[in-house]
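Enquirer: Fold the following for me, if possible:
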Amino acid sequence: MVIELTTAFAMRCPGCGRLEVDQVNIFQLSGREKITFQCECGTHKASIRLKGSSYVIVDYYCIICDREHSAIFTRKQFWSQKYLNAIYCLDTDLNLGYYGPYDLINQELERQQEELNSMANDLGFDEFVNPEIMLEVLDYLDDIAASGRLFCECGSHNINIELFSDRLELSCNNCYAYHQIPAASKEDLEAVKKLDEIKVNLSAGKTKSF
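Expert: Numbers count the residues shown, from 1 in each chain. Here you go, the predicted model:
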């Protein structure tokens, strides 16, 4: 029986936003201080290092906190070929990427792409200035909302989202506070991903009339 001790990583570049899948095997770590991953654009994404004979440490740049996190795994957990594991922002618990068997990562990425394509068809994304950016902003807002971090200054989490060609408009269904989020460029996406929560402020946007 052949045991392949190889782990793949899927993380978005904090510089250009490109999603790449990198792979590392156990022999690459032998006798080396660490292995680093860089995007094609040259931006540093993550590094892997051993801690003794029992643990693996992953240092990765968090686009949400704008700083580096460190996570420690047992060797058995890190090299497992049975499970797909998520990489999180340690402060907000929002998903940053995945590590695990290459096939499982590809399956997950394909599943997400199918969901995004289905959403694009349902919403008529041909009308947007930049459909891909709009999809990614929506995907990120979904993660924020799922973790309870999308809310209004009045305390309500009942937030309505309306889509326009170049932006999203958030409105509170309780007090009608209103806020816009641009969603047409990479800069817009980067700005959104730096937020660990999104609060609709009464003083920041206009109020909808009855």
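
Enquirer: Can you tell me the strand partners of the strand or helix carrying S171 and which way each runs?
Expert: For S171, the host element (DSSP states H and E) is strand 167-172. With DSSP bridges as the test, strand 167-172 is paired with strand 159-163 (antiparallel), strand 178-182 (antiparallel).

Enquirer: closest one to A46 among these?
Expert: strand 178-182 (28.0 Å; CB to CB). Where you see a C-beta, it was placed from the backbone N, CA and C, and this is true even at glycine.

Enquirer: hmm, back to that, quick check: which of the strands paired with strand 167-172 is nearest to S53?
Expert: The nearest among these, by CB to CB, is strand 178-182 at 47.7 Å.

Enquirer: returning to that earlier point: okay, the strands paired with strand 167-172, which one's buried deepest?
Expert: strand 178-182 (a mean of 18; mean count of other CB atoms under 10 Å).

Enquirer: and that strand, how far from the chain's centre?
Expert: 20 Å (CA atoms, centre = their mean, to the nearest Å).

Enquirer: Let me see the residues that make contact with the helix or strand following it.
Expert: Using DSSP H and E, the helix or strand that follows strand 178-182 in sequence is helix 186-193. The contact list for helix 186-193 (CB atoms under 8 Å, 6 or more residues apart in numbering) reads 16-17, 63-64, 133, 136-137, 140-141, 181-183.

Enquirer: Quick one, which of those are buried?
Expert: For the contacts of helix 186-193, a burial check counting by 16 or more other CB atoms under 10 Å picks out 17, 63-64, 133, 136-137, 140-141, 181-183.

Enquirer: so of those, which ones are in strands?
Expert: 181-182 (DSSP state E).

Enquirer: which residues touch the spatially most central residue of the chain?
Expert: Closest to where the C-alpha atoms of the chain average out (CA atoms, centre = their mean) is L96, at 3.9 Å. For L96, the contacting residues are 11-12, 60, 62-64, 86-89, by CB under 8 Å, 6+ apart.

Enquirer: Apply 7 Å and report the result again.
Expert: Shown in contact with L96 (CB atoms under 7 Å, 6 or more residues apart in numbering): 11, 60, 62, 87-89.

Enquirer: quick one: pLDDT of it?
Expert: Here, the pLDDT recorded for L96 equals 81.

Enquirer: That one sits in which helix or strand?
Expert: Going by DSSP H and E, L96 is in strand 95-100.

Enquirer: Please name the strands paired to that strand in the sheet, noting orientation.
Expert: strand 6-12 (antiparallel), strand 85-88 (antiparallel).
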